[in-house]
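> The sequence isn't on hand, but the structure is:
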């Protein structure tokens with residue numbers, strides 16, 4: 001589905017502020033809207049899209065052409081999907097050092113860039129990530145049940161047939177792109193892993209269990225999760241370091257970058273309210289909103305979770321002091337609050353928040369009961385962290 005500029009949805013990420021001081025490396029999975037963002041919000045002197053075969057052939061044969069075309073009045077150069085031709089970064093590196101030209105480089109995988117061009121990424125170009133649509137970007141078009149079922153990738157969310165868009169994305173962009181980038185040797189093993197990783201989404205990881213289920217060695221499973229992180233297809237959330245004597249969980253939780261992609265990998269369809277799957281995806285949604293907010297606003301705050309095998313879990317903990325539970329219920333009761341009491345036996349919380357689907361905010365003792373729309377508003381207004 002083609003999204004025309006006239007249908008453009010304003011994004012929260014403002015690259016113009018970054019470009020006042022530095023070039024930008026804009027990373028994000030395919031079809032999150034990187035090209036739409038830069039072409040809608042920026043005016044470039046030169047624009048190279050390495051997904052175009054003729055552009056790729058020209059620059060792979062003569063990467064120096066970028067340098068040769070730049071003059072004293074060249075202010076901005078855009079290179080789309082730069083990981084397709086990493087040798088261009090040598091030219092870009094030199095131009096950043098020796099000219100006043102700014103660059104916006106986009107890519108869907110940071111793996112090769114991290115390994116070979118860390119000097120460019122360390123100080124010379126600001127690394128920014130683009131996420132699928134956020135609630136604030138969608139504004140009046142935001143629909144929780146739609147996101148719970150289809151996620152918020154722009155071409156999926158705006159499509160009249162989101163299920164088919166998701167199938168195409170998972171089949172074409174997810175598995176084949178990993179294979180084309182030669183990041184895994186056996187794509188069939190990685191494909192099986194993807195399905196089991198999606199089934200384990202948001203759960204405390206057991207690499208041996210995932211490996212056994214997907215028939216892949218546990219050491220390879222660890223590498224596969226690293227690939228998902230480096231290609232920005234998901235985020236590993238680590239447990240907070242406990243200040244108590246009780247032993248806390250040492251294994252992280254992995255969340256895919258989009259709910260719809262997770263559903264497609266697991267084969268989930270028509271997820272109805274009040275089901276376990278809806279609750280799991282509701283938690284996933286809140287995590288992705290916090291991750292997008294944290295990245296777009298360049299917040300250094302830590303975002304983890306708390307789990308004690310003996311006592312229980314708190315879904316998310318910010319800076320080791322803001323405890324957040326996520327429950328899809330529209331009627332919060334004592335059972336939904338029990339995790340906070342267990343948490344406070346071991347840790348200290350300056351603020352306790354339960355995100356839910358009640359209609360109005362209220363407070364039970366020191367616990368803030370916040371409806372999801374209110375939570376999203378105060379999150380993006382900077383009132384959470």
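Happy to help now that I have it. Keep in mind that this is a model prediction, so the values were computed, not measured. Residues are numbered from 1 along each chain as shown.
> I'd like the next helix or strand past the longest helix anywhere in the chain.
Ranked by residue count, the top helix of the chain under DSSP state H comes out as helix 276-296. Using DSSP states H and E, the helix or strand that directly follows helix 276-296 along the chain is strand 303-308.
> Could you tell me the angle between that next one and helix 276-296?
140 degrees (axes from the mean of the first three to the mean of the last three C-alpha atoms, to 10 degrees).
> Does the helix or strand following strand 303-308 pack against any helices or strands, and if so which?
Heading C-terminal from strand 303-308, the first helix or strand you meet, by DSSP H and E, is strand 312-318. With contacts taken as 3 or more C-beta pairs under 8 Å, 6 or more residues apart in numbering; DSSP states H and E, strand 312-318 sits against helix 276-296, strand 303-308, strand 322-326, helix 334-346. Any C-beta I mention is one placed from the backbone N, CA and C, and that applies to glycine too.
> I'd say residue 153 and residue 263 touch.
No: counting by C-beta atoms under 8 Å, residue 153 stays clear of residue 263, with 11.7 Å between them.
> quick one: low-confidence ranges for the stretch 101-250 of the chain?
For the stretch 101-250 of the chain, the stretches flagged by pLDDT under 70 are 112, 114-123, 174-185, 242-250.
> Would you mind splitting the protein into its domains for me?
Following automatic domain parsing, one gets these domains for the chain: 5-129, 135-380.
> tilt between the longest helix of the chain and strand 312-318?
Using the same axes, to 10 degrees, helix 276-296 lies at 30 degrees relative to strand 312-318.
> buried sites along helix 276-296?
Within helix 276-296, the residues that count as buried by 16 or more other C-beta atoms under 10 Å are 277-296.
> Now the closest residue to residue 45 other than its chain neighbours. Its backbone dihedrals?
Excluding the flanking residues, the one nearest residue 45 by C-beta to C-beta, 6 or more residues apart in numbering is residue 74, at 4.8 Å. Backbone torsions of residue 74, given as degrees, to the nearest 10, read phi -70, psi 110.
> Could you pull up the residues touching residue 74?
Contact partners of residue 74, counting by C-beta atoms under 8 Å, 6 or more residues apart in numbering, are 45, 46, 99, 101.
> try 10 Å
By C-beta atoms under 10 Å, 6 or more residues apart in numbering, the residues touching residue 74 are 44, 45, 46, 95, 99, 100, 101, 102.
> My guess is the third one contacts residue 67. True?
It stands for residue 46. No: here residue 46 lies out of contact with residue 67, judged by C-beta atoms under 10 Å, at a distance of 11.2 Å.
> model confidence over the longest helix of the chain, on average?
For helix 276-296, mean pLDDT is 98.
> and what of stretch 64-79?
The average pLDDT within stretch 64-79 is 96.
> Now do it: distance from first to last residue.
This stretch, stretch 64-79, spans 14 Å end to end (C-alpha to C-alpha, to the nearest Å).
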